[in-house]
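Participant: take a look and give me a structure for this.
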Amino acid sequence: MKRKTKLQAGPTPAPPPLSGDPILRTVSRAAFALIMLFALLLLWRGHNAPGGGFIAGLMTVCALILHRMSTGTDALRRIDPISLVPVGTALSFLTGLVPYLLGKPFLKTDFGYITTPLTGEFEWASAMIFDIGVYLVVIGAGLGIAYALMDVDPQERVQEDR
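Facilitator: Prediction:
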């Protein structure tokens with residue numbers, strides 16, 4: 001009797017070197033949650049206090065890289081990180097364009113107050129939308145660069161290496 005074997009399309013990618021470490025996997029779960037909460041706090045407070053979209057984006061990139069190193073899988077399974085760059089750029093640009101079209105200076109912010117049962121009195125500002133755009137650009141560019149560097153095989157040779 002002949003045994004049937006599955007044919008593979010190509011070599012199976014090796015998991016990242018640290019993905020089998022049980023200590024890293026355990027600690028990274030809590031660290032991921034804490035880093036993401038801190039990033040969202042920085043994004044939330046950024047238009048009025050130090051922080052904002054750039055720093056929150058960097059913190060999110062760090063959390064997502066930690067997740068990939070510890071589990072070997074991408075946390076953004078269905079989203080290509082590079083696709084976040086044009087979305088964030090457009091959002092930031094439109095935030096500045098709307099006041100300009102209304103006869104105000106480009107990027108002029110507007111703000112007000114909303115009262116909700118959950119948060120009480122809450123200040124909203126259009127600068128928050130700009131920060132979200134910057135946040136998306138930083139996540140997209142940062143993860144794009146980091147993932148490209150993670151996927152480099154140091155043993156791989158290219159035609160120019162002859």
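
Participant: for the helix or strand containing Phe93, packing partners?
Facilitator: Applying DSSP states H and E as the criterion places Phe93 in helix 84-101. With contacts taken as 3 or more C-beta pairs under 8 Å, 6 or more residues apart in numbering; DSSP states H and E, helix 84-101 sits against helix 127-150. Every residue, glycine included, has its C-beta placed from N, CA and C.

Participant: who touches the helix it packs on?
Facilitator: With C-beta atoms under 8 Å, 6 or more residues apart in numbering as the contact definition, helix 127-150 has outside contacts at 16, 43, 46-47, 52-54, 56-58, 60-61, 64-65, 68, 74, 76, 81-85, 87-93, 95-96, 107, 109, 111.

Participant: are any of those buried, and which?
Facilitator: 43, 46-47, 52-54, 56-58, 60-61, 64-65, 68, 76, 81, 84-85, 88, 91-92, 95-96, 107, 109 (16 or more other C-beta atoms under 10 Å).

Participant: now the lowest-mean-pLDDT helix or strand in the chain: how far from the chain's centre is it?
Facilitator: Least confident helix or strand of the chain, by mean pLDDT, DSSP states H and E, is strand 120-125 with a mean of 80. Here strand 120-125 shows a centroid-to-chain-centroid distance of 25 Å under the convention C-alpha atoms, centre = their mean, to the nearest Å.
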